[in-house]
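Engineer: model this:
(one chain, ligands or ions: 1)
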Amino acid sequence: MAEPERFDVVIVGGGPAGQAAAIALAGHSLSIAVIDEQMRPGGQILRQPPAGFTVANWLADRSYAPLKDQLDRFGQLENVSWLGGHSAIGLQAGSIVASGPDGMRTIAADRILIAAGCQDLAVPLPGWTLPGVYAAGGIQAFTKSQQLLAGRRVLLAGTHPLQLIIAAQIVAAGGTVAAVLFAQPRAAMVRALARHPLTALGRLSDLFTARAAMATLARSGTPVRYDVSLSALTGRDRVSGATTSAGDLQCDAAGLCYGFVPQSALPRMAGARMVAAGPAGGWACVHDDWMRTSVPGLYAAGETVGVAGAAAAAAGGELAGLGIALDLGLLDTKAAHRSAQGARRQLARHRAFASLLDTAADPRAFFPAPDSGTIVCRCEDIEHGILSERVSAGDSANAVKLATRCGMGVCQGRNCEPTLLRMISAARGPNDAGFTARFPARPLAIADLLAPD
Ligand SMILES: Cc1cc2nc3c(=O)[nH]c(=O)nc-3n(C[C@H](O)[C@H](O)[C@H](O)COP(=O)(O)OP(=O)(O)OC[C@H]3O[C@@H](n4cnc5c(N)ncnc54)[C@H](O)[C@@H]3O)c2cc1C
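Structural biologist: Modelled structure (predicted):
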């Protein structure tokens, strides 16, 4: 391989956390590269339309205003090289391997920040591999960035309140939502939020956003049902209906919304210390007050350290930026602490609310039951029954992977690992360390591996 390109700082992720870190480092004359699979910055929450597309009223709700403002400030930074359309596929101390339109490249940096966000939790149930069935965030990505509707009659089901916002966005884009189904009783959600009323009230804007979404759904006549569980999605060539505890429903697209798990492949690959993330599962990267991980020179922020929303991600990103400046000797400790005060307060406030939300949306008692023929690992077509046999035989996650190829496909276990770990935990308790993270973290063309440089 050719000599690696070198930057002072490399940030993986151009969402709220990555942008905030870059902004916090502005003015220090550092060379910064920001790598993102998306062509344009914004992360999952903004999902900018492709360059050259115009989307009328793109994310017009005022709750997006602070994020759009941050995006503008990020766009004005002059010392940032934006590497959009590039996936970070390998990480070790001091360097990152990325793949993009021109193949693979190695990028070295003294300081690397992983701000890779989160992803929808994949939830296997009978019929979930039918065309037309999505993770709810996937449906939202189409709607947000291009106003594309996933179907004519979309069903949303799960336990996470984000499905209300997604349903309202579909309605606002001219679509029809067959129903929004919460598996948990409404009273349980209200009780969870009411347990710490001041924390909940501290995030009034989120409560208003949810209330506005409910009003949009009520005006459109969209049913929002609680205590209704989904047991199967049905259809021949694509999804055409759903079997639920309240009867059958018709739909031509369905979004599953049971929660989010951190994108953890890169810090795990680098050997950073991880802990079990929230009730939805997954792994969160352990960090100190300046977002340093257990690996020297490696930092983590945003939802890579736990799912807590965009405002918490931005606050954590700012702390990471300040921490990097401190460690590079560009700020003294006193100045760094002074600059970090606001972000620390914000982070604590938003994390407290996120923990209430975790309780209100806890999916663990409400997962649909797969049958033995339900595919769990979609990359390698491994069925639930096969995994059950291996788990009953006492296999660890890595042993199941070796025996069945579960988790060895293009997604490298990002989708099936939480299900397998739930199965192992139900059988023997929650002590399995999960799959060993392997290169590459994202799919890449074999030609890129073979190409001379
Ligand atoms: C599909 C989806 C939809 C969501 N919608 C909402 C919403 O409407 N409202 C809300 O409050 N919260 C939403 N969330 C939660 C939301 O993502 C966060 O609150 C917020 O965007 C987190 O900011 P972040 O900077 O941590 O991560 P993100 O905004 O997710 O940014 C991370 C970025 O890293 C990039 N990335 C990840 N891995 C790699 C890699 N290996 N190589 C290169 N780039 C990489 C991603 O492309 C992404 O742009 C959503 C989450 C998901 C997954």
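
Engineer: Quick check: which ranges of the stretch 201-350 of the chain have low pLDDT?
Structural biologist: Filtered on pLDDT under 70, the stretch 201-350 of the chain yields the residue ranges 201-204.

Engineer: What separation do you get for the residue of it found nearest the ligand and residue 311?
Structural biologist: Using C-beta to the nearest ligand atom, the closest approach of the stretch 201-350 of the chain to the ligand is made by residue 302 at 2.3 Å. In this view, the C-beta of every residue, glycine as well, is placed from N, C-alpha and C. Going from residue 302 to residue 311 by C-beta to C-beta, to the nearest Å gives 11 Å.

Engineer: ok, these two, which is more surrounded?
Structural biologist: Higher neighbour count among residue 302 and residue 311: residue 302, with 36 against 21, using other C-beta atoms under 10 Å.

Engineer: Chain neighbours aside, what residue packs nearest to the more buried one?
Structural biologist: Distance criterion C-beta to C-beta, 6 or more residues apart in numbering; nearest residue to residue 302, sequence neighbours excluded, is residue 17 at 2.7 Å.

Engineer: Look up phi and psi at the one you found.
Structural biologist: Per-residue torsions, residue 17: phi -70, psi -50 (degrees, to the nearest 10).

Engineer: what touches both of residue 302 and residue 311?
Structural biologist: Residues touching both residue 302 and residue 311 (C-beta atoms under 8 Å, 6 or more residues apart in numbering) are residue 16.

Engineer: Export stretch 135-154 to PDB, keeping only CA atoms.
Structural biologist: Output in PDB follows, covering the C-alpha atoms of stretch 135-154 (Å, rounded to 0.1, in the frame of the first residue of the first chain):
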ATOM      1  CA  ALA A 135     -36.600  -1.100   9.800                       C
ATOM      2  CA  ALA A 136     -38.700   2.000  10.500                       C
ATOM      3  CA  GLY A 137     -35.600   4.300  10.200                       C
ATOM      4  CA  GLY A 138     -35.200   3.000   6.700                       C
ATOM      5  CA  ILE A 139     -38.700   4.200   5.800                       C
ATOM      6  CA  GLN A 140     -37.900   7.500   7.400                       C
ATOM      7  CA  ALA A 141     -34.600   7.900   5.500                       C
ATOM      8  CA  PHE A 142     -36.500   7.700   2.200                       C
ATOM      9  CA  THR A 143     -39.100  10.200   3.400                       C
ATOM     10  CA  LYS A 144     -36.700  12.700   4.900                       C
ATOM     11  CA  SER A 145     -34.200  12.800   2.200                       C
ATOM     12  CA  GLN A 146     -36.300  12.500  -0.900                       C
ATOM     13  CA  GLN A 147     -40.000  12.400   0.100                       C
ATOM     14  CA  LEU A 148     -40.200   8.900  -1.200                       C
ATOM     15  CA  LEU A 149     -43.000   6.800   0.300                       C
ATOM     16  CA  ALA A 150     -42.200   3.100   1.100                       C
ATOM     17  CA  GLY A 151     -45.700   2.100   0.200                       C
ATOM     18  CA  ARG A 152     -49.300   3.200  -0.300                       C
ATOM     19  CA  ARG A 153     -50.400   1.900   3.100                       C
ATOM     20  CA  VAL A 154     -47.600   1.700   5.700                       C
END
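
Engineer: Can you get me a residue count around residue 243?
Structural biologist: 17.

Engineer: That one belongs to a strand, doesn't it?
Structural biologist: Yes - looking at residue 243 with DSSP: H, G, I helix; E, B strand; the rest coil, it is inside a strand.

Engineer: residues touching it, list them.
Structural biologist: Residue 243 sits next to 230-234 when contact means C-beta under 8 Å, 6+ apart.

Engineer: likewise residue 250?
Structural biologist: If you count contacts by C-beta under 8 Å, 6+ apart, residue 250 has them with 153, 178, 240-241.

Engineer: what's the farthest-apart pair in those?
Structural biologist: Spanning the widest gap among those are 178 and 240, at 11.0 Å by C-beta to C-beta.

Engineer: Show me the common contact partners of these two, please.
Structural biologist: Overlap of the contact sets of residue 178 and residue 240 (by C-beta under 8 Å, 6+ apart) consists of 250-251.

Engineer: The two: which has the busier surroundings?
Structural biologist: Taking neighbours as other C-beta under 10 Å, residue 178 and residue 240 compare with residue 178 leading, 23 against 17.

Engineer: which ones are touching the more buried one?
Structural biologist: Residue 178 makes contact with 153-155, 223, 249-251, according to C-beta under 8 Å, 6+ apart.

Engineer: Mind telling me what element it is part of?
Structural biologist: Per DSSP states H and E, residue 178 falls inside strand 177-182.

Engineer: go on, residue 312?
Structural biologist: Residue 312 belongs to helix 310-327 when assigned by DSSP H and E.

Engineer: So what's the gap between that helix and the chain middle?
Structural biologist: Offset of helix 310-327 from its chain centre (C-alpha atoms, centre = their mean, to the nearest Å): 18 Å.

Engineer: Report the next helix or strand after that helix in sequence order.
Structural biologist: Downstream of helix 310-327, the next assigned helix or strand under DSSP H and E is helix 333-361.

Engineer: now that following helix and helix 310-327, what's the angle there?
Structural biologist: Calculated by axes from the mean of the first three to the mean of the last three C-alpha atoms, to 10 degrees, helix 333-361 forms an angle of 150 degrees with helix 310-327.

Engineer: what distance separates helix 333-361 from the middle of the whole chain?
Structural biologist: Centroid separation for helix 333-361 versus its chain: 19 Å, with C-alpha atoms, centre = their mean.
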